[in-house]
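Peer 1: Predicted coordinates and the sequence they were generated for:
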Amino acid sequence: MILGVLKEPGNETRVSLHPEAVKALVGSGNQVLIEKSAGLEAFLADELYEEAGAKVAERDALLSTAQMVFQIQPLAHEDRAKLSPGSLLVGVYQPLVAQDLVKEIAGQGITLLSMDAIPRITRAQSMDVLSSMSTVSGYKAVLVAASHLPRFFPMLMTAAGTIAPAKVLIIGAGVAGLQAIATAKRLGAVVEAFDTRPSVKEQVESLGGKFVEVPGAVEDKSAGGYAVEQSEEYKQKQREMLEKSIIKSDVIITTALIPGRKAPVLVTKEMLVKMKPGAVIVDLASINGGNCEGTIDNQTVVVEGVTIIGNSALPATMPEDATKMYSKNVHNLLKLLLKEDQLNLNFNDEIIKGTCITHEGSIVYPPLTK
């Protein structure tokens, strides 16, 4: 199988495959083409890929030659047109959100695998890109918040007096939220966390956070670990309980997402007015509209004296380790897909069935075929 790794567009600094994965793939009989300078932003020179057994290629030659093409960000229409018939494309495509793009790709006869669609089941944990990248986002969100906050995170006892520790609220205790709790605690903050899933209370407390519990939440185990839509009565209780924690917080990290839907607004402008001047919000749900009123994706704004940082691309700010993690996820998926260097697109396997979005001119992703 000929595998082609492309240089990412725009400000994306990660690359799909690390030289470690390339070495293993070449060793198992595959040919790997890497676009010139594809890994430079992740501190991976072309020479490292060549030492691993890859061949450096120009973009057009790679697109027309590779049987399987890797680019994290969605491939542009003009690039997709250069792919050879029957090619397989691997990246992060948000199929529930970008449905028009999915239809276009299906019409081009391209087989699309979207790494963010991998089922959240035990057997697929080693391939779970969302969890890997959420780990990076949760960690970096706290560091970004600390750099913008005009106060210390830890308690300090000095000759000039005692400085009280920062109060940090984490909204959403998934992978990103839990990593944010752990990081904020390591920096010495007092941490509270809220989630609609009562089952995460133990995890929050094990990391040293206080769990803000709102009774009456609905939890759906079939949702793959995600939060689900709640009743209006619960939402009202949630607003009242959250407001108490929000207005006393120095830092808020929001991570609440519902797959395929606009992010729920949990921090309103009325709450912002009551917050401390100089407080900081890092909204990790900004790509889907944000959990905070006033959030603008990939921008930093000040609303009612509160700094709101909308950033959906934090993994790209840590490209070296983020690339290693993403590449490991992709390589583990390829172990399932490639048998003796031949493509094994077995739709009886729930991982492949859940990850494959388009095939042979049709949309095959179950949530889009109902």
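Peer 2: The structure has been received and is ready for your questions.

Peer 1: you'd agree Leu88 is up against Gly109?
Peer 2: No - with contact defined as CB atoms under 8 Å, Leu88 does not reach Gly109; the gap is 11.1 Å. C-beta coordinates here come from the backbone N, C-alpha and C atoms, glycine included.

Peer 1: Quick one: residues in contact with the helix or strand of the chain with the lowest mean pLDDT.
Peer 2: Using mean pLDDT, DSSP states H and E, the weakest-scoring helix or strand in the chain turns out to be helix 232-247, at a mean of 84. Residues from elsewhere that reach helix 232-247 (CB atoms under 8 Å, 6 or more residues apart in numbering): 169, 171, 192, 194, 196, 212, 214-218, 230, 252, 266-268, 271, 274-276.

Peer 1: Just confirm Leu75 is within a helix.
Peer 2: No - assessed with DSSP: H, G, I helix; E, B strand; the rest coil, Leu75 is coil; it does not lie in a helix.

Peer 1: Look at it and report its pLDDT.
Peer 2: In the predicted model, Leu75 carries a pLDDT score of 98.

Peer 1: That one: how many residues sit nearby?
Peer 2: Leu75 is flanked by 25 other residues according to other CB atoms under 10 Å.

Peer 1: My read is that it contacts Gly91, right?
Peer 2: Yes - counting by CB under 8 Å, Leu75 sits close enough to Gly91 to count as a contact (6.7 Å).

Peer 1: So Val302 belongs to a helix, correct?
Peer 2: No - under three-state DSSP, Val302 falls outside any helix and is assigned strand.

Peer 1: so it makes contact with Ile308?
Peer 2: Yes - between Val302 and Ile308 there is a contact under CB under 8 Å: 7.3 Å.

Peer 1: So between these two, which is more surrounded?
Peer 2: Neighbours per residue (other CB under 10 Å) separate Val302 from Ile308, with Ile308 holding more: 26 against 10.

Peer 1: Could I get the contacting residues of the more buried one?
Peer 2: Ile308 makes contact with 281, 283, 292, 294-296, 300-302 under the criterion CB under 8 Å, 6+ apart.

Peer 1: which two in those are spaced the farthest apart?
Peer 2: Maximum pairwise distance in these, criterion CB to CB, is 13.6 Å, between Asp283 and Val302.

Peer 1: ok, of the contacts of Ile308, which one's closest to Ala176?
Peer 2: Asp283 (11.5 Å).

Peer 1: re earlier: compare Leu88 and Gly109 (neighbour count), which wins?
Peer 2: Taking other CB under 10 Å, Leu88 and Gly109 do not tie; Leu88 has more neighbours (21 against 15).

Peer 1: what's that one in contact with, if anything?
Peer 2: 67-69, 110-113, 343.

Peer 1: From those, list the buried ones, please.
Peer 2: 67-69, 110-113 (16 or more other CB atoms under 10 Å).

Peer 1: thinking again about what came up before, using CSV, please lay out the contacts of Ile308 together with pLDDT and distance to Ser245.
Peer 2: Shown next, in CSV, are the contacts of Ile308 (pLDDT from 0 to 100; distance: CB to CB, whole Å):
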residue, pLDDT, distance to Ser245
Ile281, 98, 13
Asp283, 97, 16
Cys292, 96, 14
Gly294, 94, 19
Thr295, 96, 18
Ile296, 96, 24
Thr300, 96, 23
Val301, 97, 22
Val302, 96, 21
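
Peer 1: List just the nearest of these to Asp128.
Peer 2: Scanning these for proximity to Asp128, where the rule is CB to CB, the winner is Asp283, at 22.6 Å.

Peer 1: Report the separation between that closest one and Ile2.
Peer 2: Here the criterion is CB to CB, to the nearest Å. By it, Asp283 lies 41 Å from Ile2.

Peer 1: In terms of packing, which of those two has more residues around it?
Peer 2: The neighbour comparison of Asp283 against Ile2 (other CB under 10 Å) goes to Asp283, with 29 against 17.

Peer 1: Name all residues that make contact with the residue of the chain positioned farthest from its centre.
Peer 2: For the chain, the residue at maximal distance from the C-alpha centroid (CA atoms, centre = their mean) is Ala159, at 43.4 Å. By CB under 8 Å, 6+ apart, Ala159 lies in contact with nothing.

Peer 1: Need phi/psi at it.
Peer 2: Dihedral pair for Ala159: phi -60, psi -20, per degrees, to the nearest 10.

Peer 1: What confidence value was assigned to it?
Peer 2: Value for Ala159, per-residue pLDDT: 94.

Peer 1: OK, contacts around the closest residue to Asp297 other than its chain neighbours?
Peer 2: Counting by CB to CB, 6 or more residues apart in numbering, Asp297 lies nearest to Ser286, which is 4.1 Å off, once chain neighbours are set aside. Residues near Ser286 by CB under 8 Å, 6+ apart: 263, 295-298, 310-312.
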